[in-house]
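Colleague: coordinates only, no sequence provided:
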């Protein structure tokens, strides 16, 4: 596949669930884009430059914030206060390699899409090619040998701010579990974890 030769960013298969054209999106409750993967890659590569990258939670993770003037993505986080009666919980895994964990959320159909504002930014969460290969190998996933782009987009968050919101506490904990359980193997940072608890005690995801 020669398309990948010039690109700095490619949408990683883990993120296919966020694109309507992919079957994985049918059971995904988060932000799903009507653009094709190829269209999305073209736009974000046109806006990429290395100096725009912000550090993520580990050396292999970066964030690229792009102005959301090309999708209809809406923010999917609401304050808990006033919405307590809408909150639901379930055990869920993001794919069949992960163990299900308890999550809380507001079902989208309980709130209605018209209540959610359009996001000002898209937060592209990037993993280095080396990290993606490591995680794929440890989970027994076939490694794409012909993908050479240095950064894979593993998640896309619709947001109103151009800085990173705290990762969900359970995601921090899962990452500390290690690659075999669908994490990244980064040890738990207590300070970051407590910041995450503070934010997610007062806010809840809509999905």
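Modeller: Structure's in. What do you need? All of these numbers come straight from a predicted model, not from anything done at the bench.
Colleague: residue closest to the middle of this structure?
Modeller: residue 155 (2.6 Å; CA atoms, centre = their mean).
Colleague: now that residue, what are its backbone angles?
Modeller: phi -160, psi 150 (degrees, to the nearest 10).
Colleague: and residue 58, by the same measure?
Modeller: Per-residue torsions, residue 58: phi -150, psi 160 (degrees, to the nearest 10).
Colleague: name the helices or strands packed onto the longest helix seen in the chain?
Modeller: In the chain, taking DSSP state H as the definition, the longest helix is helix 190-202. If you count contacts as 3 or more CB pairs under 8 Å, 6 or more residues apart in numbering; DSSP states H and E, helix 190-202 packs onto helix 169-177. All C-beta spots, glycine's among them, are computed from the backbone N, C-alpha and C.
Colleague: list the buried residues for the helix it packs on?
Modeller: Using 16 or more other CB atoms under 10 Å as the test for burial, helix 169-177 gives 169, 171-172, 174-177.
Colleague: mean confidence for it?
Modeller: For helix 169-177, mean pLDDT is 90.
Colleague: over to stretch 46-63?
Modeller: Mean per-residue pLDDT for stretch 46-63: 95.
Colleague: what's the end-to-end length of it?
Modeller: One end of stretch 46-63 to the other measures 16 Å (CA to CA, to the nearest Å).
Colleague: after the longest helix of the chain comes which helix or strand?
Modeller: Going down the chain from helix 190-202, the next helix or strand is strand 203-206, by DSSP states H and E.
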